[in-house]
Each structure stands twice: as C-alpha cells, then as structure tokens.
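Participant: just to be clear, the model below is a prediction. Sequence and coordinates:
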Amino acid sequence: MKSYQWMLLALLLTLVALPACGAATTGGGGQPAPTEPKEAPTPTEPPAESLPPTEPAVPTEPTEEAAVPSEEGTAAGLDKELSVYNWADYIDEQVLKDYEAEYGVKIIYDTYASNEDLLAKLQAGATGYDVIFPSDYMVAQMIELGLLAEIDHNHIPNMKNIGAQFLDPPFDPGYKHCVPYQWGATGLAYSKKAFGDTPPDSWAVLYEPEQVQKWAEAGGVNILNDQREVIGEALKYLGYSVNDTDESHLQEAKALILKTKPYIKSFNSEDYDESLLVPGEVVLSMAWSGDAAQAASKTIDEATGESDWAFVVPKEGAFIFQDNVCVTATTQRKATAEHFLNYLLEAENAAAITNYTYYASPNEAAREFINEDILNDPGIYPSSEIMEKLEYGQPLGEAIFLYDQIWTEIKSQ
Ligand code: N2P
C-alpha cells in the first residue's frame, strides 16, 4: 500500500470507530441519512460476527440459511432495512419498490454525483451504507483502502446471468467484492437543431474557448460535475491518456479547462438530462451515454420520429466505465445486501433497469427483455471501432492529490 493510502486508511479507521450516532447523520444531497433500525444500533468496529455475544436482544447478521427467503416469498431472516447509495438517476425505482414489497425490506435510498463524492462520503465516516455502486477504478481503490466487504458468491447464483467477458475484471479479480451493474461511455450530447449539418466530432467543442463560446451563445453548455471526467477528457483531447499522471500534462489540461470555464453554464452530472437537455436549457453537454440516450428518447418529435438530442464519442476517444454493485466493509446487513445484489442480477430486473436508464447491461440473460431500440443504439452499445477509442479509468496513486488540487482550482475560479 502506498503512503497516502495508509494515511487515508488511518483516517478511515479513526472515523469508523466513532460512535454510531455520529455516523448516522452523514446522509447527503439533503436527503435523510441512512439510519439503522432502532432495535439494531450500528455496532462500531470490529464487525458484529467477531463480537462476543453480550447482548442477545440485538439482532446480529442473519445466518446464511436464514437469508434465503422461504418459498412463499416471505422475508425470513432478512434485515428490516437496507441502505443503498447509488449514482443519481441510475435505477428504475420500481425495482426498489418491488424488492421492498416482495421481501419486506425497506430500502433507504440516497444518491451521489461522482465516484469521488462516494469515496469522500465513506472516508468521512459514513458507516450506514450497505450497498454502493462504484466504477471500475474506484472499486480497485476501495479494495485497497479496505472499504469493501468480500461477498459470498454462493448467495449470488444470478451471477450465472452475466456475460463471460465481464466475470473477471482486473479491478476486482473474480468479482470477490462486487457484481457488475451497467456500463457506458462518455461523450458529447448535442442538440441536433443547434448543430444542424455539422455535428460535433471532437472534444474541441468543449475545450477550445472560441468554440465553446459559440455554443454558450447558441444556448448553453453543461459539463459533468466529475473531476476524472473533466480533467480526463481534456487529457484525451490533448492526446494523452485519461489516466495520465504527468504533472506537466495535467497543468496543460488545467489551463485548457480554465480558459473554457467562463463559457460553461453548469457543472451537472446528476439531473442534467432531465433538467438541462430535455427542456433545451443547453445545446451541448459532456454526457454519459445512458443519460444522453434517455434525453434523446424523451425528446422524440411524434410527427417526424426524430429526437432533439444525439450522442457522439469524440474522435480523440473518451472514458468507458464498468459500474458495479458492492457491499461496504462496514455493513451489518451483509446477507441482506447479497440478497439484494442477487435480485438486481435477475434477468427481468437487470432489463428493467437498462430499459429505464438506457445504460448497457452486462447481463446476458437480460437481453431478451431489453428494448430493441436500446440494444440497437450504437450510442449505448458502441461499435468495435468506437470501443477501440475508449479507455477505462485506473486508480491514480499519489497523483490523486494533484487532480484534487486542480479540480478545486477549476471549481473555485
Ligand atoms: C447516471 C450515472 C451514470 C454513472 N446518471 C456513470 N458512471
């Protein structure tokens, strides 16, 4: 482990050792903090299974057998609540409601805008979350920081639904801590009306000041509120890797972003499709593939069948991401969390999620339930030619501090 990671780990261990009442007040986004059921206060470290059985009245983690619901579909052995922390606008909430209704488990749901926000929340001592959805590089980083629990695949038989090419990712070999959720790419969402005959094909529309100024004046420009994305795509535009850690390259990227920033209307990665793209509050946005496709699907002109929004991966390339569902190291409801992961991997549920979010699914068995127009959309399932230009994020090591510093400067100027 590198020195900065030891520092983070030490900080984390100090924070998770704080009393549960403090930790229960860390909910984000103005939403209620996830709380433990009253009769089961959050134990502090070490985990419940290694504590001496001092208080028989306090329910401990359900046993393996008890976690499996009976054939009548009762929720025998499952916890009363499960705290789920996901990206904004990244699930069909009906799937959550169905789970609650079917198993009697109340889902406490909260959302975040970026991997870095998720990490910051956990490192600030939020021990109440059971299930989280980090991307590839963040899974690797969280494993190294001890933030994820190992899961028992005997409890997740629906892994059989996952395509073979997704089963052994480099960021979590053998998927010991997570299961795959959805994947996508980053690119440009643009208004077809505004761009007309000359659709964008390069990050230059966002990173060259005179170009972004033009689109700012034509109706507004949004970029994702995500440091890896904004810095990474600038690096890509400059011909470097999205994972570059060379300080001079990062300074070049920063200079580029600072020059274009005055023309950026908003940094929004949470509800930009719904609040900016669909109502035409902007004409151009850095966007994740599914969000762009969602906006496109919601702006189809009934008369022409044409949508207002289109999506393109710029010719310089961009991020590709594999998002995952993982169990936190601090969970006290691991069996329920695994049960929920397994539920998300049921073919119909995975399909319902993709049919709602418009992100690509690694779930092979779900394909037959996914809408044809989604399966055939090259913005959602890119061609092999586009795939070659996409690059997965990697953990940045010590360069994380430089990225943080650059991001703070960008956001504060
Ligand atoms: C959906 C969030 C997509 C997750 N709004 C990007 N990794």
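Facilitator: Received the coordinates, thanks.
Participant: residues contacting Leu276?
Facilitator: Contact analysis of Leu276 by C-beta atoms under 8 Å, 6 or more residues apart in numbering lists Gly220, Asn222, Ser266, Asn268, Val282, Ser285. Using the backbone N, CA and C atoms, a C-beta is placed for each residue, glycine as well.
Participant: in these, which residue is surrounded by the most others?
Facilitator: Counting neighbours by other C-beta atoms under 10 Å, Ser285 comes out on top of the contacts of Leu276 with 32 neighbours.
Participant: quick one: contacts for Val230?
Facilitator: By C-beta under 8 Å, 6+ apart, the residues touching Val230 are Ile223, Leu224, Ile257, Phe267, Met286, Trp407, Ile410.
Participant: again, but for Arg367
Facilitator: Going by C-beta under 8 Å, 6+ apart, Arg367 touches Ala351, Ser361, Leu375.
Participant: per-residue confidence for the last one?
Facilitator: At Leu375 the predicted local confidence, pLDDT, stands at 98.
Participant: ok, it to the ligand distance?
Facilitator: The spacing between Leu375 and the ligand, counted by C-beta to the nearest ligand atom, to the nearest Å, is 19 Å.
Participant: does that residue touch Tyr381 like I think?
Facilitator: Yes - using C-beta atoms under 8 Å, Leu375 makes contact with Tyr381 at a distance of 6.5 Å.
Participant: those two - which one has more neighbours?
Facilitator: Between Leu375 and Tyr381, counting by other C-beta under 10 Å, Tyr381 is the more crowded of the two (18 against 14).
Participant: in stretch 313-323, which residues are buried?
Facilitator: By neighbour count with 16 or more other C-beta atoms under 10 Å, stretch 313-323 contains the buried residues Val313, Pro314, Glu316, Gly317, Ala318, Phe319, Ile320, Phe321, Gln322, Asp323.
Participant: and for stretch 109-129?
Facilitator: Neighbour-count burial for stretch 109-129, counted by 16+ other C-beta under 10 Å, picks out 109-119, 121-123, 125-129.
Participant: got it, and stretch 84-101?
Facilitator: Val84, Tyr85, Asn86, Trp87, Ala88, Asp89, Tyr90, Ile91, Asp92, Val95, Leu96, Tyr99.
Participant: against Asp130, how distant is the last one?
Facilitator: As defined by C-beta to C-beta, to the nearest Å, Tyr99 lies at a distance of 13 Å from Asp130.
Participant: for the strand or helix carrying Phe321, name the packing helices and strands.
Facilitator: Per DSSP states H and E, Phe321 falls inside strand 318-327. Strand 318-327 sits against strand 131-132, helix 136-144, strand 178-191, helix 227-237, helix 334-344, strand 390-392, with contacts defined as 3 or more C-beta pairs under 8 Å, 6 or more residues apart in numbering; DSSP states H and E.
Participant: hey, C-alpha coordinates of that strand in CSV?
Facilitator: Provided in CSV are the C-alpha atoms of strand 318-327 (Å, rounded to 0.1, in the frame of the first residue of the first chain):
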residue,chain,number,x,y,z
ALA,A,318,-13.0,9.1,-24.0
PHE,A,319,-13.7,7.1,-20.8
ILE,A,320,-15.5,3.8,-20.8
PHE,A,321,-16.8,2.7,-17.4
GLN,A,322,-18.0,-0.6,-15.8
ASP,A,323,-20.1,0.3,-12.8
ASN,A,324,-20.6,-2.3,-10.1
VAL,A,325,-22.7,-3.1,-7.1
CYS,A,326,-20.6,-3.7,-4.0
VAL,A,327,-21.1,-4.3,-0.3
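Participant: any idea how far the ligand is from Gln237?
Facilitator: Just so we're on the same page, residue 237 is Tyr rather than Gln. From Tyr237 across to the ligand, the span is 20 Å (C-beta to the nearest ligand atom).
Participant: nearest residue to that residue in space, please, no chain neighbours.
Facilitator: Leaving aside its sequence neighbours, Tyr237 sits nearest to Trp203 (C-beta to C-beta, 6 or more residues apart in numbering; 3.8 Å).
Participant: burial measure for the one you found, as a count.
Facilitator: Other residues within reach of Trp203, judged by other C-beta under 10 Å, total 24.
Participant: again, but for Gly379
Facilitator: Gly379: 24 neighbours (other C-beta under 10 Å).
Participant: residue contacts, the residue lying closest to it once chain neighbours are set aside?
Facilitator: Nearest residue to Gly379, sequence neighbours excluded (C-beta to C-beta, 6+ apart): Phe311, at 4.1 Å. Contacts for Phe311 (C-beta under 8 Å, 6+ apart) come out as Gly187, Leu188, Ala189, Tyr190, Ala287, Ser289, Ala292, Ala293, Ala296, Gly379.
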